[in-house]
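J.: build the 3D model from these lines:
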Amino acid sequence: PEIDPGGAQRGPSMADTDTEAAPAAKPRRRKRRNRKREIREQVMAMIQSVEEILDARGATMFKEIARKQDMLNKFNGRTVLVPIDDAFVDGLETWERTCWGVHVINGPYHIGELYAGGQQQPVSQRYGDSLRFGINLQGKFTVFLQSDDNPPRKAEIMEADIACGEGTVIHFVSKILFPAEDIV
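T.: Model (predicted):
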C-alpha cells in the first residue's frame, strides 16, 4: 500500500488493477459480442419471409397476385393488410391494382399502434383512402376507409402482428378494401 500526502494508506493503484484485468476482459468481451451475433443470426433465421408466411397461412390468392404484380419484394419495412382467400369472391379478378394503395402502410405497425392512432395513411396519398382502425361490438379489431360513412367494406382483423423478415408486419383481414372511387 502507498501513503498519500495526507498520511492515509491506499490500496493498489488503478493502474495496477487495470493491467491485471485487461487481458481477461478482452476475451470476455469478444465472446459476448460473438454470442450476441450468434443469437441475432438465430433469430433472423427463425423469422420467415413474407412468402413463407403467406404459404403457411394459406393466403394463396394474395400471394399469387403479389407474385404476378411483382410486389412480394416491395413490402420490406411496411405493414401489409392481407385479405384472406374467402375475400376473393370472384377469384383473382376481385383484386384491382389500386387496392395496393390501401393495403400497404409505410412503416411496420402492430395492431395496437394502429388502433391507438385511430387513423393511418396508407401508401395511397389520397385523403379518402386514409384507414380508420377500431374495435367492433364483438371485441375484434376492424379497419375501413375514412371516406366511408357507413363502410360497406369494413374488414375485421382476423390475425394480427405477424412479423416477417425485412421488418414487414402482416395483418390478415376478412375483406378486400377498395379505394374510395372504386366502391360501387
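J.: helix or strand right after the longest strand seen in the chain?
T.: Looking across the chain with DSSP state E, the single longest strand is strand 155-163. Next in sequence after strand 155-163, counting helices and strands by DSSP states H and E, comes strand 169-173.
J.: now for that next one, which elements pack on it?
T.: Here strand 169-173 touches helix 50-57, strand 78-83, strand 155-163, going by 3 or more CB pairs under 8 Å, 6 or more residues apart in numbering; DSSP states H and E. The way it works is simple: take the backbone N, C-alpha and C, and place the C-beta from them, glycine included.
J.: so which of the ones you listed is nearest Gly101?
T.: Closest approach to Gly101 among the helices and strands packed on strand 169-173 is made by strand 78-83 (11.3 Å; CB to CB).
J.: quick one, the closest one and strand 169-173 angle?
T.: 20 degrees (axes from the mean of the first three to the mean of the last three CA atoms, to 10 degrees).
J.: all the helices of this protein, residue numbers only.
T.: Along the chain, the stretches classed as helices by DSSP state H are 14-46, 50-57, 60-68, 100-103, 111-117.
J.: dump the ones you listed to a markdown table, plus mean neighbour count and mean pLDDT.
T.: Listed next are these as a markdown table, based on neighbours: other CB atoms under 10 Å; pLDDT from 0 to 100:
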| stretch | mean neighbour count | mean pLDDT |
| --- | --- | --- |
| helix 14-46 | 10 | 67 |
| helix 50-57 | 18 | 91 |
| helix 60-68 | 18 | 94 |
| helix 100-103 | 22 | 92 |
| helix 111-117 | 16 | 90 |
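J.: using a markdown table, lay out those together with distance to Tyr127.
T.: Putting those into a markdown table (distance: least, CB to CB, whole Å) gives the following:
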| stretch | distance to Tyr127 |
| --- | --- |
| helix 14-46 | 38 |
| helix 50-57 | 28 |
| helix 60-68 | 26 |
| helix 100-103 | 12 |
| helix 111-117 | 16 |
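J.: tell me which of the helices and strands packed on strand 169-173 sits nearest to Lys175.
T.: Per CB to CB, nearest to Lys175 of the helices and strands packed on strand 169-173: strand 155-163, 4.0 Å.
J.: many thanks, have a good one.
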